[in-house]
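>>> here is my input; please provide its structure:
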Amino acid sequence: MSRTRVPTLAGALVATLAILFPTLPLSAAEVTPLRGADLQQALYDVVVAIEKAGGMEPTASTLLYWNRPEVEAALEAIPNKAAFLEASTQIVKRSQAARSAGLAPPQEIVPAVTATPESGTAPYPPNYPDTSTDLDYLLLRPLGLVTSNSSRCESAGFAYYLAALAGAQISLTAAQLACDASGCDPTGIICISVCGATKIVQAGFLVARAPVDACNSWEGKLDAAENEAAYRNSVYILSDLSSHDDRIRALLAAQSGDSAELQAELQAHDAAVKALIAQLEASLGRHDARLSTHDADIKLLLDQSSKAIIGNEMEIIKLLKTPEGRRPGWGKEGY
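From the prediction side, this is the model:
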């Protein structure tokens, strides 16, 4: 959640008031003239709600309880009285709703993670404040601004507190100016009626500032916890990445060794296969030579056999000659 830090100078608070008040919902009181007594009652209600939530002594609320013209005049310096009244009403409603809902133990956010050699280092969870002892939380929870050890100040509610604080700051400035303009010693009896309003409004301002300061402090604690967790986890990530890189390099080196060994085995296998092929080729060469010799022998035998058959045939022809008349040309020579 992004929001403006609480201003400390009167001028900055006036600017904050001018920005915030137009954005707040306005009631019918906007068209009804508001008296200083109405604004004093509104500031009183806010102070009582904060004092109850924080377990404070009711000093400021006691001072604001009695109507004083000087206090009313200081509060009438607020530029947008209806918006201040609306902000005060919302603060009281929200604090009453938070107390009515009860303050059950919050759900603390502590991520449960385990680490294995494969996944690396376990994440470092943010070390959020202890809600049982943190003073900021113990004030903000009853006001309905936070709900757990990791929740940020609720933005809409925080805007109302900023508006109330800005109005109280303007009133305090007006009271101080009135005291200064009286030209008398603020501790003197004659000036008590004029300058006493400064102390009363200042007491209300300090109480109204407490939730704003607490929100800023609370946000700072959450930021610090999350920034520390982010830093630690980034260190863990870099360390795990470095370790992972080392493991990858080791695996690649082992794979390279295995590859070289496999390459040597493949080369040996290739040489063995080539030797077998050479032996086979030599054997085939010898077989071809034997086949060639056998072929020549067969051809010779066939030639000899052919000649013998032809001679036999000629002899048979001569022996088969018959008397003329039955076989013409039997007496011819050579037939």
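>>> how about residue 172, secondary structure?
Judged by DSSP: H, G, I helix; E, B strand; the rest coil, the three-state class of residue 172 is helix.
>>> can you pull out the strands in the stretch 51-200 of the chain?
With DSSP state E, counting those that start in this stretch, there are no strands along the stretch 51-200 of the chain.
>>> flag the shaky bits of it, pLDDT-wise.
102-119, 183-194 (pLDDT under 70).
>>> distance check, the residue nearest in space to the middle of the chain against residue 250.
By C-alpha atoms, centre = their mean, the chain has its centre lying nearest to residue 230, at 10.2 Å. Here the criterion is C-beta to C-beta, to the nearest Å. By it, residue 230 lies 30 Å from residue 250. Yep, even glycine has a C-beta here, placed from its N, CA and C like the rest.
>>> what of residue 87?
65 Å.
>>> residue 141 too?
For residue 141 relative to residue 250 (C-beta to C-beta), the value is 53 Å.
>>> more neighbours: these two, which one.
Neighbour count, other C-beta atoms under 10 Å: between residue 141 and residue 250, residue 141 has more, with 20 against 10.
>>> number of nearby residues for residue 125?
Count around residue 125 with other C-beta under 10 Å applied: 17.
>>> circling back: any idea how far the helix or strand in which the residue nearest to the centre of the chain is found is from the middle of the chain?
For residue 230, the enclosing helix or strand under DSSP states H and E is helix 192-319. Centroid separation for helix 192-319 versus its chain: 33 Å, with C-alpha atoms, centre = their mean, to the nearest Å.
>>> repeat for stretch 87-103
33 Å.
>>> would you map the helices across the stretch 51-200 of the chain?
For the stretch 51-200 of the chain, applying DSSP state H, counting those that start in this stretch gives helices covering 59-65, 69-75, 81-101, 135-140, 155-182, 192-319.
>>> angle of the last one against helix 155-182?
What separates the directions of helix 192-319 and helix 155-182 is an angle of 150 degrees, with axes from the mean of the first three to the mean of the last three C-alpha atoms, to 10 degrees.
>>> now do helix 192-319 and helix 81-101, the angle between them.
Interaxial angle of helix 192-319 relative to helix 81-101 (the same axes, to 10 degrees): 70 degrees.
>>> what is helix 192-319 packed up against?
Applying 3 or more C-beta pairs under 8 Å, 6 or more residues apart in numbering; DSSP states H and E, one finds that helix 192-319 contacts helix 36-54, helix 59-65, helix 69-75, helix 135-140, helix 155-182.
>>> okay, buried residues for the second one please.
By neighbour count on 16 or more other C-beta atoms under 10 Å, the buried set for helix 59-65 is 60-61, 63-64.
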